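Engineer: would you be able to build a 3D model of this:
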Amino acid sequence: MKIAVSKTREKYPLSPKKVIKKTLTHTLWWFILVGIGAVIAIIAAFGSSNPGVALIVIVVAAILDLIVFGLTYWYQMWYFAVYFYEIDDDYVSIRKGPITPNEITVPFERIQDVYVDQDLLDRIFGLYDVHISSATISSGAAAHIDGVAKESADGLKSLLLQTVSAKMKRGAMNQTPNQATPAQQQ
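Structural biologist: Next up, the predicted model:
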């Protein structure tokens, strides 16, 4: 798998811990369901005349768990490899997803806030998410870079805020008195 490359991702890389975190979160429910099914099958097997069935159920459940874990890990590695984000002079572009890629491009003029957060597993793994909010509905769900280390999160936030601030200052300096908004003219 070829890793998506951008100057921004090279300078502020995703953490490889992201793959483990995502694999664990996506397989946890599967493990619980298979475990409950295995316990029910074992209880039923002990009530039957052939208790050897319980051992078969345990082995099949373990094999299923390993297969699901392996496939999920492979998918998360693929997701990690194609995860692309770039901050250029005018836009922030983020593209995620190996099978059905989701891409969002946010112009700096539309960015209203940049913030960093963590969920519980992010804290455990030392990961951070950098969110970029604008007035659009899609920005809340899609415009974030998740799974970076503290230094990368702080660097991305700082870079984004500096770029937004510089764009706002340039825009204010380029605005002539004739271009003032109606509220400014009164």
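Engineer: quickly find the element holding Val130.
Structural biologist: strand 128-133 (DSSP states H and E).
Engineer: please parse the chain into its domains.
Structural biologist: Following automatic domain parsing, the chain resolves into domains at 7-82, 90-173.
Engineer: how about the ones you listed in a markdown table, adding mean pLDDT and mean neighbour count?
Structural biologist: To be clear about C-beta, it is placed using only N, CA and C from the backbone, and glycine gets the same treatment. Formatted as a markdown table, the domains of the chain follow (pLDDT from 0 to 100; neighbours: other CB atoms under 10 Å):
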| stretch | mean pLDDT | mean neighbour count |
| --- | --- | --- |
| domain 7-82 | 87 | 15 |
| domain 90-173 | 88 | 16 |
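Engineer: thinking again about what came up before, the strand holding Val130 packs against which elements?
Structural biologist: Using 3 or more CB pairs under 8 Å, 6 or more residues apart in numbering; DSSP states H and E, the elements in contact with strand 128-133 are strand 113-117, helix 137-142, strand 144-148, helix 150-174.
Engineer: nearest spatial neighbour of Met77, chain-adjacent residues omitted?
Structural biologist: Spatial nearest neighbour of Met77, chain neighbours left out: Val19 (5.7 Å); criterion: CB to CB, 6 or more residues apart in numbering.
Engineer: residues in contact with that neighbour?
Structural biologist: For Val19, the contacting residues are Tyr73, Gln76, Met77, Phe80, by CB atoms under 8 Å, 6 or more residues apart in numbering.
Engineer: hmm, try it at 6 Å
Structural biologist: Gln76, Met77, Phe80 (CB atoms under 6 Å, 6 or more residues apart in numbering).
Engineer: so which strand or helix has it?
Structural biologist: helix 17-46.
Engineer: the inter-axis angle of that helix versus strand 144-148?
Structural biologist: If you take axes from the mean of the first three to the mean of the last three CA atoms, to 10 degrees, helix 17-46 sits at 80 degrees to strand 144-148.
Engineer: ok, the residue nearest the centre of the chain - contacts?
Structural biologist: What sits nearest the mean C-alpha location of the chain, by CA atoms, centre = their mean, is Asp146, with 3.7 Å. Going by CB under 6 Å, 6+ apart, Asp146 touches Asp129.
Engineer: that one bridge partners, please.
Structural biologist: For Asp146, the beta-bridge partners are Asp129 (DSSP bridges).
Engineer: how close does it sit to Val164?
Structural biologist: Relative to Val164, Asp146 is positioned 20 Å away (CB to CB, to the nearest Å).
Engineer: now do Gly37
Structural biologist: Counting by CB to CB - Gly37 and Val164 are separated by 51 Å.
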